[in-house]
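Participant: Please work out how this folds:
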Amino acid sequence: MDPRQIQDLPAFRQLANERTRFGAGMSIGMAAAYFGYILTIAFWPRLLGLPLWNGTVITWGFLIGVGLIAFGFVLTAVYVGRANSRFDHLSQRLLEEIR
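Facilitator: Next up, the predicted model:
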């Protein structure tokens, strides 16, 4: 089947649109979290230098930095889960339409 014919199939358009919207949304979320962290460093650095509680050397900046890394792992897990369920289902439907 010609690639242009495949691109015109409703199943292909649905798969492409869902993957694009989902990926863009997750990218925007991660970028917003990182830019928020960087803007906090730039405009309110004292906040990130505050200790979590009196007598500790662990700061809010460290905690938030670790949280950003964890957030990246969570987003990856969410994407993999979505790809293995919804996107695989749509891909199978597309393959059935092509055959």
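Participant: helix or strand right after the lowest-mean-pLDDT helix or strand in the chain?
Facilitator: Lowest by mean pLDDT, DSSP states H and E among the helices and strands of the chain is helix 3-8, with a mean of 87. On the C-terminal side of helix 3-8, the closest following helix or strand by DSSP states H and E is helix 10-43.
Participant: Same question for that following helix: list its buried residues.
Facilitator: A11, F12, L15, R19, F22, A33, Y37 (16 or more other Cβ atoms under 10 Å). (C-beta placed from N, C-alpha, C; glycine too.)
Participant: Between those residues, which sits nearest R82?
Facilitator: Checking those against R82 by Cβ to Cβ gives F22 as the nearest, at 6.2 Å.
Participant: ok now do that closest one, which residues does it touch?
Facilitator: Y79, R82 (Cβ atoms under 8 Å, 6 or more residues apart in numbering).
Participant: Next one: it relative to T40, how far apart?
Facilitator: 28 Å (Cβ to Cβ, to the nearest Å).
Participant: Same question for R21.
Facilitator: 29 Å.
Participant: Same check on L75?
Facilitator: In terms of Cβ to Cβ, L75 sits 20 Å off from T40.
Participant: again with P3
Facilitator: Distance from P3 to T40, by Cβ to Cβ: 46 Å.
Participant: Also M30?
Facilitator: For M30, the distance to T40 equals 16 Å [Cβ to Cβ].
Participant: Next: L9.
Facilitator: Taken as Cβ to Cβ, the span from L9 to T40 is 46 Å.
Participant: Please name the residues that touch the nearest residue to M26 once chain neighbours are set aside.
Facilitator: With sequence-adjacent residues excluded and distances taken as Cβ to Cβ, 6 or more residues apart in numbering, M26 is closest to L75, at 5.3 Å. When contacts are counted by Cβ under 8 Å, 6+ apart, L75 touches M26, G29, M30.
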